[in-house]
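K.L.:
Provide a 3D model corresponding to the input given below.
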Amino acid sequence: MKFLLVVFWILLLNCTINKVNEQPPNILIILTDDQGYGDISINGNPEVDTPHMDAFAMNSVRLHDYHAQPVCAPSRAQLMTGRHALTTGVWGVHGGRDYLNLDEFTIAQLLQGNGYETYMLGKWHLGKEAPYLPEQRGFDEAWVQANLYEHQNPIIKHKGNELAPKAWTVDYLTDTAINVFARVSDSPKFMYLAYPQIHKPYIAPDSLIEKYIAQGHSDAVASIYGITEQLDQNIGRLLRVLEQSGKLENTLIFFIGDNGPIWNNPPASFDGLPALPEEEAARNPLNLAGVKGRLHENGHRTIGFVKWGNMFEARDEYQMVDIADIFPTIMEVLDILLPVESKPLFGESILPILNGETQDRNRAYYYSNHEVLWENRPYQYAFLEDKKNLLFDEQELAIRKGKYKYIQGYFGKKLFNLEEDLQETIDISLDYPEIRMELESELKEWWEETVINESNSYDMPVFYLGINSMDSTYIHGAAPYEVFGDIYTSSHNTQNWTNNGDGIAQKFIVQNFGIYEFIPDWELGTSDAELEVTLRNQRSSYLLSEMEGLNIPLLTVPLEPGEYQIEIRIRNSTSESEAAIKAFNGIIVQNKD
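P.N.:
A predicted model of the protein is given here:
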């Protein structure tokens with residue numbers, strides 16, 4: 001009888017262990033901002049102190065050939081969708097080019113539909129208004145920074161409210177993450193923790209900055225190292241709490257960067273702070289070419305560490321990995337599939353690599369600069385009237401396939417062998433013309449057939465009114481659907497509203513009936529011009545000289561569900577030099593119904 005009881009308890013214990021092992025892991029993606037490959041001690045930087053990141057990396061699979069896109073919003077689009085950013089509607093970082101198309105399916109939606117609680121914290125940067133926000137993209141709950149780069153006393157959007165914690169942003173996000181993981185639940189958790197560090201402004205506690213100044217660093221680099229160490233302390237704090245609570249063992253963690261480091265050519269300065277040119281070497285221990293925003297290795301090769309309890313052997317890994325690979329990797333770990341109607345993924349699972357296997361990675365990966373070029377483009381954020389104006393040979397693009405990398409753009413067309421020349425110093429195009437032509441042809445075919453043929457690539461976002469019970473939204477002036485006259489489109493507004501006919505049109509969709517009030521957000525000049533506003537068949541005119549400082553609606557109109565276009569123009573201007581509107585930031589739309 002005792003023997004049978006022993007057997008019973010052994011079987012019961014084994015069943016319990018199996019149930020524990022079968023429990024899907026929590027998933028934590030920690031994404032840092034502008035933290036390059038060399039902005040961490042373990043990757044060869046002798047100057048910055050990152051003991052907690054180093055300890056985590058020592059117990060992880062260390063991806064030394066991990067890549068994102070050269071700038072932040074495209075990288076985030078690839079992370080969230082597993083697809084190439086240019087096919088998701090994200091082709092820049094501001095000016096309406098950073099909105100993730102609404103027909104894209106996110107990793108949060110996939111996990112939410114498979115029993116996960118889903119949370120997003122920090123810098124979103126894939127759309128500023130609903131329905132582009134995390135809560136409409138698969139996250140149960142989100143704490144989103146209203147302004148992308150506030151490191152202290154941030155405004156946080158949460159459940160339709162604005163919170164104003166009096167704290168360092170990195171501390172607040174870490175505290176919130178800890179509290180979320182402390183919630184008791186039978187469901188596994190997915191958390192996307194997108195810290196704004198170490199993007200400028202370079203501010204951190206004085207004690208940390210002074211520490212590096214005392215070591216002989218310039219104010220700028222001391223501030224960068226200070227903000228990095230502050231981030232390190234918080235990541236250490238989060239991981240320590242997860243370990244103490246017993247959750248760390250069954251949490252799959254991706255700790256990754258979103259692009260390479262920023263560095264200004266000598267005389268170097270950051271945020272107005274002087275830096276020493278020789279300090280660049282410590283932040284770039286591999287002596288890679290390029291910086292953030294460029295297509296050389298230092299523009300998009302960054303930190304990448306993966307850990308899941310003891311499931312993966314901690315080691316250095318040199319097979320190539322892309323940020324788009326994380327989505328399908330999570331799918332394979334959990335053995336789940338995409339909905340049938342989903343668009344094809346660009347990334348592929350790296351689970352074999354994480355398991356220590358050699359994986360065939362001789363496939364093509366593509367990288368793009370956010371400075372989209374066309375004939376006679378006057379400046380970076382100039383309005384693109386038609387993507388048919390884009391010619392392949394004028395674009396800044398790169399393709400990596402195995403050991404070879406082909407780059408075209410602002411310096412010509414070049415081919416590199418990264419196995420022999422990681423620093424991209426020797427153009428081997430003349431030595432291997434057939435390889436260069438093959439890669440260029442493959443890049444061109446992908447760009448023309450996949451990117452250009454995507455229905456809403458290189459497009460401006462459509463704004464939405466009347467979503468659920470929302471009584472207010474913001475139509476951003478930097479994202480016009482059409483431009484008239486000599487309007488100057490910038491990263492955050494439109495300018496140079498000077499001559500007769502100058503103006504913009506913006507497209508929006510009304511989801512629910514309402515009486516909508518359109519209130520301008522602008523900075524006026526001293527012109528005596530009129531403003532003409534047209535929506536449907538209703539046209540109104542105003543003397544701008546009578547509207548300075550007044551919260552006067554341009555229109556108040558009942559609107560049924562449907563698609564609309566509002567057109568705003570300058571009329572009867574007598575000035576050819578002074579702007580009637582110095583900056584048109586956008587339109588606040590309130591539902592008065």
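
K.L.:
Just the buried residues of stretch 364-371, please?
P.N.:
365-371 (16 or more other Cβ atoms under 10 Å). All C-beta spots, glycine's among them, are computed from the backbone N, C-alpha and C.

K.L.:
What of stretch 472-483?
P.N.:
For stretch 472-483, by 16+ other Cβ under 10 Å, it's 473, 475-481, 483.

K.L.:
start to end distance for that stretch?
P.N.:
25 Å (Cα to Cα, to the nearest Å).

K.L.:
Using TSV, please lay out the buried residues of stretch 472-483 together with pLDDT, secondary structure and distance to residue 511.
P.N.:
Conversion of the buried residues of stretch 472-483 to TSV gives the following (pLDDT from 0 to 100; DSSP: H, G, I helix; E, B strand; the rest coil; distance: Cβ to Cβ, whole Å):
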residue	pLDDT	secondary structure	distance to residue 511
473	92	strand	11
475	96	strand	14
476	96	strand	18
477	96	coil	22
478	96	coil	23
479	96	coil	19
480	96	coil	21
481	95	coil	18
483	97	strand	26
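
K.L.:
Could I get the residues you listed in TSV, plus columns for distance to residue 308?
P.N.:
Formatted as TSV, those follow (distance: Cβ to Cβ, whole Å):
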residue	distance to residue 308
473	40
475	43
476	40
477	45
478	41
479	40
480	46
481	45
483	49
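
K.L.:
Looking at those residues, which is nearest residue 250?
P.N.:
Nearest to residue 250 among the buried residues of stretch 472-483 is residue 473, at 40.3 Å by Cβ to Cβ.

K.L.:
how near is that closest one to residue 148?
P.N.:
19 Å (Cβ to Cβ, to the nearest Å).

K.L.:
Can you flag which of the buried residues of stretch 364-371 belong to strands?
P.N.:
365-368 (DSSP state E).

K.L.:
Could you identify the most distant pair in those residues?
P.N.:
365 and 368 (11.1 Å).

K.L.:
just to revisit the earlier point, now flag whichever of the ones in strands among the buried residues of stretch 364-371 is closest to residue 226.
P.N.:
residue 367 (30.6 Å).

K.L.:
Tell me, please, where in the stretch 351-500 of the chain the pLDDT is lower than the cut-off.
P.N.:
In the predicted model, the stretch 351-500 of the chain carries pLDDT under 70 at residues 469-470.

K.L.:
Give the next helix or strand downstream of the lowest-mean-pLDDT helix or strand in the chain.
P.N.:
Every helix and strand in the chain was compared by mean pLDDT, DSSP states H and E; the lowest is helix 2-22, with a mean of 39. For helix 2-22, the following helix or strand on the C-terminal side (DSSP states H and E) is strand 26-32.

K.L.:
Quickly run through the sheet partners of that next one, with directions.
P.N.:
strand 189-194 (parallel), strand 251-257 (parallel) (DSSP bridges).

K.L.:
Tell me which of those strands lies nearest to residue 498.
P.N.:
Nearest to residue 498, of all the strands paired with strand 26-32, is strand 189-194, at 39.5 Å by Cβ to Cβ.

K.L.:
can you redo the strands paired with strand 26-32 as TSV with mean pLDDT and distance to residue 179?
P.N.:
Formatted as TSV, these follow (pLDDT from 0 to 100; distance: least, Cβ to Cβ, whole Å):
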stretch	mean pLDDT	distance to residue 179
strand 189-194	98	11
strand 251-257	98	16
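
K.L.:
Cross-check the contact I'm expecting between residue 589 and residue 517.
P.N.:
Yes. Taking contacts as Cβ atoms under 8 Å, residue 589 lies within contact range of residue 517: 7.0 Å.

K.L.:
neighbour-wise, which of those two wins?
P.N.:
Just comparing residue 589 and residue 517: by other Cβ atoms under 10 Å the higher neighbour count belongs to residue 589, 27 against 17.
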